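Colleague: Just need the structure, nothing else, for what follows:
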Amino acid sequence: METKEKGFKAFLKRKNIIVSGKRYFIDAMGAMANGLFASLLVGTIIATLGQVLEIQTLIDIGNYGKQVAGPAMAVSIAYALQAPPLVMFSMLAVGSAANTLGGAGGPLAVFFIAIIATEIGKVVSKETKVDLLVTPIVTICVGALLSMGVAPYIGSAASKIGEFIMWATELHPFMMGILVAVIVGIVLTLPISSAAICAALGLTGLAGGAAVAGCSAQMVGFAVMSYRENKVGGLVSQGIGTSMLQMGNIVKNPRIWIPPTLAAAITGPIATCIFQLKMNGEAIASGMGTCGFVGQIGVYSGWVNDVAEGTKSAITAMDWVGLILVSIVLPAILSQIFCLILRKIGWIKKDDLILNNL
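Modeller: Residues are numbered from 1 along each chain as shown. Sure, this is the predicted structure:
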């Protein structure tokens, strides 16, 4: 029995199949977010630019990008799992099937199905003399059958969860504004993809606006409060890059996480209750914060779509004031104030926020 167990472990090692939370929920989910970014999100930005400038060619280009979101996610996941070329290329069909059949919750269906299909594809890869046929056939059939069998249920479950969060936010904008902003903001700073989670749940509307507020609070907050240690390089890399850079410092001193999290708890309900900031663009943008200003571009693209559909009369000055205050100004001021208090009482010390890789 022990020999068989050792043989199975050796087989998994030879196939580079590592069953771990890090590989599936950090590496694969992060890669999935990149795939979404390079297809759906960039396509949306280009299409929105085309709408604003009234250039049909840009609209068409953007639509092409949006149409390949499923395949892009699946291939990105396979890449993160270090799949052989034939397995990776076969994921184009798997991603298309899972995303299509998953409906509004397609990204979550792609996530689970792509992982399973990739790992099974790796199992059969290069095990026969007709690998060119066997590997893609097995990978595509497994992925397609899983998509037909479970993708609609996974997608429906994800949609229901997302709809519940959005419904609860509409019903209780103050409390849910706090909860959504804090939780999604924390997830953004953790080595997990908040963008992929927001996309999987289809988090838009007021809840999406709260998510933008929370993510922005983490990024802008850490960027501003660590300026004395990291200067301009840190301001840019965290403010429009990612607050995840502070994860190592958070492990050493978790108290440095307090200022941006408190800022998120304040800006979240301001977004939902005062400015009624809504993310009516793509759901993935809800979890991007100020990373490349994608969250703000997503909100703006939603405004453009609403105006085009007649559900919004015009983009007002108050819209812009709310977006800028919630995304940039308030997180910067609040995080700095809270940070100064914690520095004064000794909870945050010199060099606690320094980024050594800058």
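
Colleague: so what's Val42 closest to, chain neighbours aside?
Modeller: The shortest distance from Val42 to any non-neighbouring residue, by C-beta to C-beta, 6 or more residues apart in numbering, is to Gly65 (5.5 Å). In short, each C-beta sits where N, CA and C put it, glycine included.

Colleague: dump the residue contacts of the one you found.
Modeller: Going by C-beta atoms under 8 Å, 6 or more residues apart in numbering, Gly65 touches Ala38, Ser39, Leu40, Val42, Gly43, Thr44, Ile46, Ala47.

Colleague: could you redo the last one with a cut-off of 7 Å?
Modeller: Ser39, Val42, Gly43, Ile46 (C-beta atoms under 7 Å, 6 or more residues apart in numbering).

Colleague: now, which of those sits nearest Val304?
Modeller: Checking these against Val304 by C-beta to C-beta gives Ile46 as the nearest, at 12.7 Å.

Colleague: Centre of the chain to the host helix or strand of the closest one, how far?
Modeller: Here Ile46 sits within helix 42-53, counting by DSSP states H and E. The chain centre lies 20 Å from the centre of helix 42-53; the measure is C-alpha atoms, centre = their mean, to the nearest Å.

Colleague: ditto for stretch 310-320
Modeller: That offset, for stretch 310-320, works out to 26 Å (C-alpha atoms, centre = their mean).

Colleague: Kindly export that stretch (C-alpha atoms) in PDB.
Modeller: C-alpha atoms of stretch 310-320 as PDB (Å, rounded to 0.1, in the frame of the first residue of the first chain):
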ATOM      1  CA  GLY A 310     -31.300  56.500 -21.600                       C
ATOM      2  CA  THR A 311     -31.300  55.400 -18.000                       C
ATOM      3  CA  LYS A 312     -29.000  58.400 -17.100                       C
ATOM      4  CA  SER A 313     -29.600  61.900 -18.500                       C
ATOM      5  CA  ALA A 314     -26.000  63.000 -18.400                       C
ATOM      6  CA  ILE A 315     -22.700  62.700 -16.600                       C
ATOM      7  CA  THR A 316     -22.800  65.400 -13.900                       C
ATOM      8  CA  ALA A 317     -20.100  67.400 -12.000                       C
ATOM      9  CA  MET A 318     -21.400  65.700  -8.800                       C
ATOM     10  CA  ASP A 319     -20.600  62.300 -10.400                       C
ATOM     11  CA  TRP A 320     -17.000  63.300 -10.900                       C
END
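
Colleague: Contacts for that stretch next, please.
Modeller: Trp303, Asp306, Val307.

Colleague: Would you mark the buried spots in it?
Modeller: Residues Lys312, Asp319 are the ones in stretch 310-320 that count as buried (16 or more other C-beta atoms under 10 Å).

Colleague: next one: stretch 218-237
Modeller: 218-227, 230, 234-235, 237.

Colleague: Please apply the same query to stretch 274-292.
Modeller: 275, 277-291.

Colleague: And those, which is closest to Met73?
Modeller: Nearest member of the buried residues of stretch 274-292 to Met73, counting by C-beta to C-beta, is Ile284, at 10.3 Å.

Colleague: Identify the residues contacting that closest one.
Modeller: By C-beta under 7 Å, 6+ apart, the neighbours of Ile284 are Leu36, Leu40, Leu41, Ala195, Cys198, Ala199.

Colleague: Setting aside sequence neighbours, what's the nearest residue to it?
Modeller: Ala199 (4.0 Å).

Colleague: Just the residues contacting stretch 82-92, thanks.
Modeller: By C-beta under 7 Å, 6+ apart, the residues outside stretch 82-92 that reach it are 16, 71, 74-75, 78-79, 114, 117-118, 121-122, 125-126, 131, 135-136, 139-140.

Colleague: Touching, Ile77 and Ile115? I think so.
Modeller: Yes: between Ile77 and Ile115 there is a contact at 6.3 Å, judged by C-beta atoms under 7 Å.

Colleague: Could you tell me which residues touch both of these two?
Modeller: Common neighbours of Ile77 and Ile115 (C-beta under 7 Å, 6+ apart) are Ala28.

Colleague: Show me which of these two is the more surrounded one.
Modeller: Neighbours around Ile77 and Ile115, counted as other C-beta atoms under 10 Å, are more numerous at Ile77. The numbers are 31 against 21.

Colleague: can you redo the buried residues of stretch 218-237 as JSON lines with pLDDT and secondary structure?
Modeller: Shown next, in JSON lines, are the buried residues of stretch 218-237 (pLDDT from 0 to 100; DSSP: H, G, I helix; E, B strand; the rest coil):
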{"residue": "Gln218", "pLDDT": "97", "secondary structure": "helix"}
{"residue": "Met219", "pLDDT": "97", "secondary structure": "helix"}
{"residue": "Val220", "pLDDT": "98", "secondary structure": "helix"}
{"residue": "Gly221", "pLDDT": "97", "secondary structure": "helix"}
{"residue": "Phe222", "pLDDT": "97", "secondary structure": "helix"}
{"residue": "Ala223", "pLDDT": "97", "secondary structure": "helix"}
{"residue": "Val224", "pLDDT": "97", "secondary structure": "helix"}
{"residue": "Met225", "pLDDT": "96", "secondary structure": "helix"}
{"residue": "Ser226", "pLDDT": "95", "secondary structure": "coil"}
{"residue": "Tyr227", "pLDDT": "95", "secondary structure": "helix"}
{"residue": "Asn230", "pLDDT": "94", "secondary structure": "helix"}
{"residue": "Gly234", "pLDDT": "92", "secondary structure": "helix"}
{"residue": "Leu235", "pLDDT": "95", "secondary structure": "helix"}
{"residue": "Ser237", "pLDDT": "92", "secondary structure": "helix"}
